[in-house]
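Visitor: Predicted model follows, preceded by the sequence.
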Amino acid sequence: MARTPRKSVAQQEATRKQRAEHALQTFLDMLASGEFPQVAAQATILSRASDAPSARWSMGNQTLMIASGTMDARGYRQWQAVGRQVKKGAKAIYITRPNTRTLTEKDEKTGEEVKKTFITGFGFTPVFRVEDTEGEPLPEYDPPTLPPLVDVANVLGVSVKYAPPAGMWRGYYRDDTAEIVLCSHDERTFFHELAHAAHYRLSENAATNNSCKVRKEIIAETAAAALCRLYGYEYGKVHADYLAYFTDGDTQKALREVMRYIGEVRAVLDLLLSTAERTQQTKGEAA
Ligand SMILES: [Zn+2]
């Protein structure tokens, strides 16, 4: 019986590089085509409403999965665990996975031994689309109805005011006075300023509020675009164009910037939606 020849280190390295490039390209293509906010919206809902393992993935990995045309992808054994088999010839999607190493260290103060996990690099894990599996039926995925965002600003300690249109501003958020001023009634402007307020809250909590303007704008607009998709409002301008404005028309740079801050966009969306859910529950209890 012939044994499968083991891949050389150089071959393994080449495969990894190829997968990394493919992942990056998929992501950049979505951003460039303006599809990304839609995907971010779907990923946010998925994380909040599904029990599938992918609900706990990073947004980058969820983007790769959704770009492959599915809302549920799992590893070979994970599918077997729910009574499903991957069909013959199905192509894997490769998601990134951190390689970790756990070290035991002595805490200087208490003298206790503590385990610390470090990320040493990234590898790839193959997963398969639900559409490429067969077997036991899965529980129906039931996306939740979204709570309105109107009361969220108040809960975050931010007041919302309206002002007549002034120059090019459609609205702004001031962190020193904790207020949102809107010169327009469109949802996109409100979502954008609300995202600024949430981002400031998060940065404040993490004591890292030194983010530059470009970073703040990219995060606020990406979150606003995703919220427009989530709530079914018009989002007129292509997201990528708006971002390019903040990077002097350099679309590639804008795309790379979004990738850098994608974790913060997710955190902003999660903060806004969880706050909205809480305010709705409180209202329900009061009624
Ligand atoms: Zn802004």
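Guide: Sure thing, it's come through. Residues are numbered from 1 along each chain as shown.

Visitor: now Leu182: how far from Asp176?
Guide: 18 Å (C-beta to C-beta, to the nearest Å). C-beta: built from backbone N, CA, C; applies to glycine.

Visitor: Figure out how far the helix ranked longest in the chain is from the centre of its chain.
Guide: Assignment by DSSP state H gives helix 251-286 as the longest helix of the chain. Relative to its parent chain, helix 251-286 has a centroid offset of 8 Å by C-alpha atoms, centre = their mean, to the nearest Å.

Visitor: thinking again about what came up before, more neighbours, Leu182 and Asp176?
Guide: Ranked by neighbour count (other C-beta atoms under 10 Å), Leu182 and Asp176 place Leu182 first, with 20 against 5.

Visitor: How confident was the prediction at the more buried one?
Guide: Leu182 is assigned 89 on the pLDDT scale.

Visitor: Now do the same contact list for it.
Guide: Taking C-beta atoms under 8 Å, 6 or more residues apart in numbering as the contact definition, Leu182 lies against Val160, Lys161, Tyr162, Ala163, Arg170, Gly171, Thr189, Phe190, Glu193.

Visitor: The longest helix of the chain - contacts with which helices or strands?
Guide: Counting contacts by 3 or more C-beta pairs under 8 Å, 6 or more residues apart in numbering; DSSP states H and E, helix 251-286 is packed against helix 9-33, helix 36-49, helix 59-67, helix 152-155, helix 187-205, helix 213-231, helix 239-245.

Visitor: buried set for that helix?
Guide: Across helix 251-286, burial judged by 16 or more other C-beta atoms under 10 Å covers 254-255, 257-258, 261-262, 264-269, 271-273, 275-276, 279.

Visitor: now do stretch 155-162
Guide: So for stretch 155-162, counting by 16+ other C-beta under 10 Å, buried means Leu156, Val158, Val160.

Visitor: Am I right that Ala90 is in a helix?
Guide: No. In this structure, Ala90 is coil, not part of a helix, as judged by DSSP: H, G, I helix; E, B strand; the rest coil.

Visitor: didn't it look like it was pressed against Arg129?
Guide: Yes. Using C-beta atoms under 8 Å, Ala90 and Arg129 qualify as a contacting pair, with a distance of 7.4 Å.

Visitor: if we take the contacts of Leu182, which one ends up nearest to the ion?
Guide: Of all these, the ion sits closest to Glu193, with 6.9 Å by C-beta to the ion.

Visitor: wait, isn't the closest one in contact with Asp175?
Guide: No. Between Glu193 and Asp175 there is no contact under C-beta under 8 Å: 11.2 Å.

Visitor: Settle it for me: which of these two has more neighbours?
Guide: Taking other C-beta under 10 Å, Glu193 and Asp175 do not tie; Glu193 has more neighbours (24 against 16).
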